[in-house]
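Engineer: Okay, sequence plus prediction incoming.
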Amino acid sequence: MMLPDRTVASATSMAVSGAEVVREQSIDLQMSSDAVPLRVAVLGSTGSIGKNTLEVIAASEGRFKAHLLCGHRSIDVLVEQAQACRPRWVVVTDSTAAESLGPGAFPKGTELVIGPERLEELLAAPEVDRVVSAIVGAAGLRSTWSALAAGKTVALANKETLVTAGPLVTQLAARSGATIVPIDSEHSAIHQALRSGRRHELQRVVLTASGGPFRTHTKEQISEVTPEQALKHPTWSMGPKITIDSATMMNKALELIEARWLFDLRADQLGVVVHPQSIIHSFVEFIDGSVIAQIGPPDMKLPIQYALAYPERYDGPARRFDFGVAQQLELIPPDLERFPAVRLGYDVAARGGTAGVVLNAVNEEAVQAFLNGVVKFPQIAELCERAVSEHPFIGDPTLEDILRLDAWARKEVQTWMC
Ligand code: NAD
Ligand code: MG
């Protein structure tokens with residue numbers, strides 16, 4: 001197949017080299033509407049980030065084209081998306097769900113592909129220019145790994161990839177010449193703010209947290225909250241797993257670990273501040289005392305567009321901050337007593353090794369158990385803490401060690417919950 005002449009001259013791995021805070025890339029991208037569109041693989045297209053990504057692509061005036069869509073079980077949504085986007089491939093990772101597809105479900109020219117193994121092969125195809133990694137949970141690790149191994153530019157929403165295997169993932173990107181640009185709003189803010197200084201001038205990063213729906217609850221009230229209450233996030237509209245993570249503030253724990261590996265930081269360079277309005281998306285402090293923040297309304301379309309278009313910017317569909325309206329922006333130190341997950345995040349970020357994979361695996365299982373009414377809300381953090389402290393820790397794990405401990409932790413926590 002003839003490929004359009006589009007050169008990505010130096011896709012150096014973002015921020016993982018350590019040479020600069022964020023190394024500016026020499027990229028020859030024609031970010032104008034008359035250029036050949038960049039072909040995007042959207043993993044998790046049926047989810048919250050996936051749908052926002054398709055909106056960004058639809059509003060990109062031909063800069064981007066959805067070339068591959070991938071979903072797990074939401075077949076109806078996938079069919080609708082395929083009819084609208086006419087991608088080259090639609091991948092259904094759950095083979096049982098794919099059985100419900102009738103002939104002619106997809107438009108002419110769109111090929112149905114089934115299973116995660118085939119997905120991994122397709123991600124290495126030269127015609128995939130960008131990969132949006134937006135599968136939820138550790139299930140996103142393998143596809144992200146394949147895209148990075150193939151040297152692709154990955155717009156990364158799936159924070160669990162970095163939480164479980166951060167150092168291995170960034171080393172892989174450095175070896176293959178892949179680039180990781182974060183979609184997570186806090187990390188997008190940090191990525192943008194880091195462009196204000198150089199590596200040796202960096203003091204620390206401070207992640208903002210909305211505080212979730214139970215920010216002002218007492219410890220006793222928190223112990224009795226229901227899944228329905230926990231699924232109502234005050235400022236962001238997101239998938240169920242990350243919404244529960246925001247309520248426990250485990251999301252901030254995962255994000256501390258994500259930031260540590262993504263930006264190659266020391267654990268003592270990480271901080272968290274509660275900011276209930278979700279307007280300031282994070283801070284970077286430099287050694288002279290300057291603090292740089294990125295702000296905007298809570299709308300994931302902006303960090304998605306930033307990650308897809310980096311290092312370019314253009315006028316896209318994200319909501320704008322309104323300076324004509326009086327606003328109060330609060331910053332409050334987090335209460336580690338009522339939200340112990342944040343403390344655990346600091347500990348796991350400092351410990352490294354297999355602490356991250358165990359934390360993530362147990363959290364995924366415990367969140368599901370909470371949603372199923374099997375455990376109470378505070379038990380999510382308690383189970384995570386116990387697993388992190390009791391597991392057979394390995395300081396410098398291989399990918400096999402990580403996958404083995406992921407399976408071990410999931411099995412072990414099931415026995416603790418019954
Ligand atoms: P979601 O639940 O809305 O969507 C999840 C997607 O993953 C769906 O397309 C689903 O089909 C797919 N999926 C689920 N299990 C799968 C499996 N086993 N194999 C393959 N695909 C599978 O989740 P979301 O809110 O869009 O979050 C996606 C990721 O982005 C998460 O890692 C989350 O932490 C991160 N993130 C989300 C937001 C947000 O605003 N939603 C913000 C920052 C980061
Ligand atoms: Mg976030």
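Structural biologist: Structure's in. What do you need? Ligands and ions are numbered 1, 2, ... in the order given.
Engineer: Low-confidence ranges, the stretch 201-350 of the chain, go.
Structural biologist: Regions of the stretch 201-350 of the chain meeting the criterion pLDDT under 70 are absent.
Engineer: doesn't Phe214 make contact with Gln221?
Structural biologist: Yes - using CB atoms under 8 Å, Gln221 is in contact with Phe214, at 7.2 Å. Where you see a C-beta, it was placed from the backbone N, CA and C, and this is true even at glycine.
Engineer: who's more crowded, the two?
Structural biologist: Set Gln221 next to Phe214 and count neighbours by other CB atoms under 10 Å: Phe214 wins out with 20 against 12.
Engineer: What does the more buried one show for phi and psi?
Structural biologist: Dihedral pair for Phe214: phi -110, psi 20, per degrees, to the nearest 10.
Engineer: and it, what does it touch?
Structural biologist: Gln221, Ile222, Val225, Gln229, Ala230, Ala247 (CB atoms under 8 Å, 6 or more residues apart in numbering).
Engineer: Just name the closest of these to Arg313, please.
Structural biologist: Nearest to Arg313 among those, counting by CB to CB, is Ala247 at 33.0 Å.
Engineer: related to what we said a few turns ago, from the contacts of Phe214, which would you call buried?
Structural biologist: Neighbour-count burial (16 or more other CB atoms under 10 Å) applied to the contacts of Phe214 gives Ile222, Val225, Ala230, Ala247.
Engineer: Which of the three states applies to the last one?
Structural biologist: Meaning Ala247. helix (DSSP: H, G, I helix; E, B strand; the rest coil).
Engineer: Any figure for the gap between it and Ala230?
Structural biologist: For Ala247, the distance to Ala230 equals 4 Å [CB to CB, to the nearest Å].
Engineer: okay, and the common contacts of these two?
Structural biologist: In contact with both Ala247 and Ala230: Pro213, Phe214, Phe377, using CB under 8 Å, 6+ apart.
Engineer: Doesn't the first one belong to a helix?
Structural biologist: Right, Pro213. No - under three-state DSSP, Pro213 sits outside any helix and is assigned coil.
Engineer: how near is the residue positioned nearest the centre of the chain to ligand 1?
Structural biologist: By CA atoms, centre = their mean, the chain has its centre lying nearest to Ala157, at 2.3 Å. Distance, Ala157 to ligand 1, by CB to the nearest ligand atom, to the nearest Å: 3 Å.
Engineer: where does this protein come near ligand 2, residue by residue?
Structural biologist: Proximity of the chain to ligand 2, by CB under 5 Å from the ion, involves residues Asp184, Ser185, Glu186.
Engineer: Closest one to Leu371 out of the residues you listed, please.
Structural biologist: Using CB to CB, the residues of the chain next to ligand 2 come closest to Leu371 at Asp184, 22.1 Å.
Engineer: what are the phi and psi values for the closest residue to the closest one other than its chain neighbours?
Structural biologist: Leaving out its chain neighbours, the residue that sits closest to Asp184 by CB to CB, 6 or more residues apart in numbering is Lys159, at 5.5 Å. Phi and psi for Lys159, reported as degrees, to the nearest 10, are phi -60, psi -30.
Engineer: Quick check, Lys159 in contact with Glu255.
Structural biologist: Yes - at 6.4 Å, Lys159 and Glu255 qualify as touching, with contact defined as CB under 8 Å.
Engineer: quick one: common contacting residues for these two?
Structural biologist: Contacts common to Lys159 and Glu255, judged by CB under 8 Å, 6+ apart, are Asp184, His187.
Engineer: what's the average pLDDT for the helix or strand where Leu403 lies?
Structural biologist: For Leu403, the host element (DSSP states H and E) is helix 399-417. On average, the pLDDT along helix 399-417 is 98.
Engineer: for the shared contacts of Ala247 and Ala230, which one is nearest ligand 1?
Structural biologist: Among these, Pro213 lies closest to ligand 1 (CB to the nearest ligand atom), at 15.3 Å.
Engineer: Please determine how far the closest one is located from ligand 2.
Structural biologist: Between Pro213 and ligand 2 the distance is 16 Å, computed by CB to the ion, to the nearest Å.
Engineer: With Val132 instead?
Structural biologist: Applying CB to the ion to Val132 and ligand 2 gives a distance of 16 Å.
Engineer: Gly71 is in contact with Val92, correct?
Structural biologist: Yes - contact criterion CB under 8 Å: Val92 and Gly71 qualify, at 6.4 Å.
Engineer: just to revisit the earlier point, common neighbours of Gln221 and Phe214, please.
Structural biologist: With CB under 8 Å, 6+ apart, Gln221 and Phe214 have no common neighbours.
Engineer: and the nearest residue in space to Ala267 that is not next to it in sequence, what element?
Structural biologist: Closest residue to Ala267 apart from its sequence neighbours, by CB to CB, 6+ apart: Ala350 at 3.8 Å. Per DSSP H and E, Ala350 falls inside helix 340-351.
Engineer: quick one: buried residues of that helix?
Structural biologist: Quick answer for helix 340-351 (16+ other CB under 10 Å): Pro340, Ala341, Val342, Arg343, Leu344, Gly345, Tyr346, Asp347, Val348, Ala349, Arg351.
Engineer: For the residue of the chain positioned farthest from its centre, give its distance to ligand 1.
Structural biologist: Distance from the C-alpha centroid of the chain peaks at Pro103, with 34.1 Å (CA atoms, centre = their mean). Per CB to the nearest ligand atom, Pro103 is found 23 Å from ligand 1.
Engineer: So that residue, which state does it fall into?
Structural biologist: coil.
Engineer: On the pLDDT front, check Glu80 for me.
Structural biologist: So Glu80 comes in at 97 (pLDDT).
Engineer: Regarding it, which helix or strand does it belong to?
Structural biologist: helix 75-85.
Engineer: I'd like to know which elements the helix or strand that comes right after that helix is packed against.
Structural biologist: Using DSSP H and E, the next helix or strand after helix 75-85 towards the C-terminus is strand 89-92. Under the contact definition 3 or more CB pairs under 8 Å, 6 or more residues apart in numbering; DSSP states H and E, strand 89-92 sits against strand 64-71, helix 75-85, strand 111-114, helix 116-123.
Engineer: residues touching the residue of the stretch 201-350 of the chain at minimum distance from ligand 1, list them.
Structural biologist: Proximity of the stretch 201-350 of the chain to ligand 1 (CB to the nearest ligand atom) peaks at Gly239, 2.6 Å away. By CB under 8 Å, 6+ apart, the residues touching Gly239 are Gly47, Ser48, Ile49, Val136.
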